[in-house]
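Engineer: Sequence first, then the predicted structure, then my questions.
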Amino acid sequence: MFNPFISLIEKNDDPKTVWFNDHNLWKKETRITQITDKRLWMSIIHEKNKVNEFDGYGNLNWEDIRKDFIVSDKMAATISAEILPHSKWAYVSFKNNLYVKMVLFSKMIKKALGIYKLK
């Protein structure tokens, strides 16, 4: 619902593309279909990221989800070799889950109250 990744599907009749609005303004769009029942994107956090921060949660098995996220064989091998077991970050996972749900709830309330309106 509110993440840094957006897909815009529109008619090929003077399309606006996702670059039409700054990424933080899309929350004001009312014609949105939210897909919340499956994971549709993934971010790999590593030491070279400049601003990404890890707020992931849940006990996911890379082997279970890799068919949905196509990466090179080399990258898949690196992920398989270097992924941390959930037991190493279970507390962080719990905190991140609470934080993400709190932020989502806050934004849903703001949207329901009309704080996010199209200009």
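Structural biologist: Okay, I see it. As the structure is a prediction and not an experimental result, all values here were calculated from the model.

Engineer: From here on, just use CA atoms for contacts and neighbour counts.
Structural biologist: Fine.

Engineer: Export the biggest helix by length in the chain to CSV, keeping only CA atoms.
Structural biologist: When the chain is parsed with DSSP state H, its longest helix is helix 90-112. Only the C-alpha atoms of helix 90-112 are listed here, as CSV (Å, rounded to 0.1, in the frame of the first residue of the first chain):
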residue,chain,number,x,y,z
ALA,A,90,13.5,-12.9,15.2
TYR,A,91,13.3,-9.9,17.7
VAL,A,92,14.1,-7.4,14.9
SER,A,93,11.4,-9.2,12.8
PHE,A,94,8.9,-8.8,15.6
LYS,A,95,9.7,-5.0,16.1
ASN,A,96,9.6,-4.4,12.3
ASN,A,97,6.3,-6.1,12.0
LEU,A,98,4.8,-3.9,14.7
TYR,A,99,6.4,-0.8,13.2
VAL,A,100,5.1,-1.5,9.6
LYS,A,101,1.6,-2.2,10.9
MET,A,102,1.6,1.0,13.0
VAL,A,103,2.7,3.1,10.0
LEU,A,104,0.2,1.4,7.7
PHE,A,105,-2.6,2.0,10.2
SER,A,106,-1.6,5.6,10.6
LYS,A,107,-1.7,6.2,6.8
MET,A,108,-5.0,4.4,6.4
ILE,A,109,-6.5,6.7,9.1
LYS,A,110,-5.1,9.8,7.4
LYS,A,111,-6.5,8.6,4.0
ALA,A,112,-9.9,7.9,5.6
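
Engineer: buried sites along stretch 13-29?
Structural biologist: For stretch 13-29, a neighbour-count test (16 or more other Cα atoms under 10 Å) marks 26-27 as buried.

Engineer: Quick one: mean pLDDT for it?
Structural biologist: Averaged over stretch 13-29, pLDDT sits at 75.

Engineer: In the chain, mark out all the helices, start to finish.
Structural biologist: Going by DSSP H, the chain shows helices at 62-65, 73-82, 90-112.

Engineer: Flag every buried residue along the longest one.
Structural biologist: Pointing back at helix 90-112 there. Using 16+ other Cα under 10 Å as the burial criterion, the residues of helix 90-112 that qualify are 92-93, 96, 107, 111.
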